[in-house]
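In: Mind folding the following:
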Amino acid sequence: MKHISWIVTLPLMLALVIFSLANRGDVSLDLWPFNKESIPPMPLFLPLLGALFIGLLIGGSVARLSGARIRRRARELRFDKAHLEREVIRLKRDVERAKDTASESSLAALPPSASNGSGRGRSLPAATAGR
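Out: Model (predicted):
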């Protein structure tokens, strides 16, 4: 994207330089409510580039203000997303702790004969043990 920006910007800058060199003739501006002598004659490219710059500022300001609501909503959604991600991590940690606590309490609740090493979790009756 940065390369595309330079590909567009460099020819525009070159066109502005050529335009400025081609329009060096003096021009006098007449701004009606103001005194005529208050603005000295200047090269033609200065008022034209000045008007272009002022239009750029006004257009950028309008675009910035019109997108303010969308940017604010996007920022709120980013904060909500981060909050929910932290909440999911906390809940997963709580579930793991609950599983660990439940497994420890279930092992502690088993009678001592339940862990006989047979792998079944219960002891064999004494009559069938000798067979």
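In: Tell me where this structure has helices.
Out: Ranges of helices in the chain, per DSSP state H, are 2-22, 45-66, 68-109.
In: What is the shortest one packed up against?
Out: Think helix 2-22. With contacts taken as 3 or more Cβ pairs under 8 Å, 6 or more residues apart in numbering; DSSP states H and E, helix 2-22 sits against helix 45-66. Bear in mind the C-beta positions are built from the backbone N, C-alpha and C, glycine included.
In: domains for the chain, by residue range?
Out: 2-66, 71-104 (automatic domain parsing).
In: Arrange those domains in CSV, one row each, with mean neighbour count as further columns.
Out: Listed next are the domains of the chain as CSV, based on neighbours: other Cβ atoms under 10 Å:
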stretch, mean neighbour count
domain 2-66, 10
domain 71-104, 10
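In: Confidence-wise, which of those is weakest overall?
Out: The weakest mean pLDDT among the domains of the chain belongs to domain 2-66, with a mean of 87.
In: Now find how far off-centre it is within its chain.
Out: Distance of domain 2-66 from the chain centroid (Cα atoms, centre = their mean, to the nearest Å) equals 34 Å.
In: tell me how far the ends of it are from each other?
Out: 25 Å (Cα to Cα, to the nearest Å).
In: All further residue positions should be reported with the first residue as 26.
Out: Sure, I'll start numbering at 26, so the last one becomes domain 27-91.
In: returning to what we had before: ok, which of the helices of the chain comes nearest residue 53?
Out: helix 70-91 (10.1 Å; Cβ to Cβ).
In: now the closest one against helix 27-47, angle please.
Out: For helix 70-91 against helix 27-47, the angle by axes from the mean of the first three to the mean of the last three Cα atoms, to 10 degrees is 150 degrees.
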